[in-house]
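**Student:** predicted structure and sequence below. I'll ask about it afterward.
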Amino acid sequence: MALKNKQNVRLIEPCLELEIQYMDMVRDFTASGEIQYHPEFRLAIGDFPAYVSNCKKWEQGIDLPDEWVPESTFWLIREDNVILGTCSLRHKLSDKLRTFGGHIGYQIRPSQRKKDYGTTILKLALVEAKRLGLKQVLITCDDENIASIKIIERNTGILKDKCDRDKPGKLTRRYWIDLKNLTLT
């Protein structure tokens with residue numbers, strides 16, 4: 001599966017052939033001090049083949065970590081095989097994901113931000129969600145994350161509410177995006 005857009009980027013599934021490019025992205029997150037937010041990086045650093053294998057198993061609902069639901073993982077790559085970011089498409093919601101996490105989580109590597117790749121990765125993930133059969137998706141972000149708010153709203157996200165997360169005073173925005181009019185291109 002390779003869904004391209006006008007920026008000549010596409011979503012692909014994790015693969016062993018791009019280990020060097022993936023580790024380059026991980027170094028980008030590490031240099032920015034953001035690696036602690038991405039537990040999948042620890043597995044990839046320790047055993048990249050196991051990470052890729054787990055992504056395939058998790059998509060099928062096999063060997064899921066506690067409290068996880070089946071999810072598809074995608075990488076946003078450029079024509080030159082630079083991995084620009086990653087996203088997770090959760091096939092259903094758990095109670096926890098209804099509060100924080102939602103159906104889709106995405107991240108753009110620090111050196112590639114402010115280039116519209118966040119909007120693009122979410123747009124392409126929405127097409128994959130519709131292919132999966134979802135009619136609408138929940139997407140969440142921290143209330144102070146202006147970049148994610150703009151990305152979600154550019155992709156027709158409608159704010160449902162704001163709720164307390166795991167820390168008092170830390171609000172999470174919850175957006176719904178209706179997929180019924182989304183075209184599969």
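**Tutor:** Yep, it's here.
**Student:** and the residue nearest to G157 when sequence neighbours are not counted, what does it touch?
**Tutor:** Nearest residue to G157 in three dimensions, chain neighbours excluded: Y175, at 3.6 Å (Cβ to Cβ, 6 or more residues apart in numbering). The C-beta positions use only the backbone N, C-alpha and C, and glycine is treated the same way. Applying Cβ atoms under 8 Å, 6 or more residues apart in numbering to Y175 gives the contacts G102, L138, I139, T140, C141, I152, E153, G157, I158, L159, K160.
**Student:** which ones among those map onto strands?
**Tutor:** Using DSSP state E, L138, I139, T140, C141, I158, L159, K160 are the members of the contacts of Y175 that sit in strands.
**Student:** can I have the buried ones of the residues you listed as a PyMOL selection?
**Tutor:** Buried residues within the ones in strands among the contacts of Y175, by 16 or more other Cβ atoms under 10 Å, are selected in PyMOL with:
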select buried, resi 138+139+140+141
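**Student:** and which of the ones in strands among the contacts of Y175 is nearest Q112?
**Tutor:** C141 (18.5 Å; Cβ to Cβ).
**Student:** could you double-check that that closest one lies in contact with L171?
**Tutor:** No: using Cβ atoms under 8 Å as the test, C141 is too far from L171 to be in contact (10.1 Å).
**Student:** ok so, going back, show me what the residue nearest to G157 is bridged to.
**Tutor:** Beta-bridge pairing of Y175 under DSSP bridges involves I139, L159.
**Student:** wait, which of the ones in strands among the contacts of Y175 is closest to R27?
**Tutor:** Among the ones in strands among the contacts of Y175, C141 lies closest to R27 (Cβ to Cβ), at 25.0 Å.
**Student:** quick one: contacts for the nearest residue to the closest one once chain neighbours are set aside?
**Tutor:** Once flanking residues are discounted, C141 sits nearest to S148: 3.8 Å by Cβ to Cβ, 6+ apart. Contacts for S148 (Cβ under 8 Å, 6+ apart) come out as G118, C141, D142.
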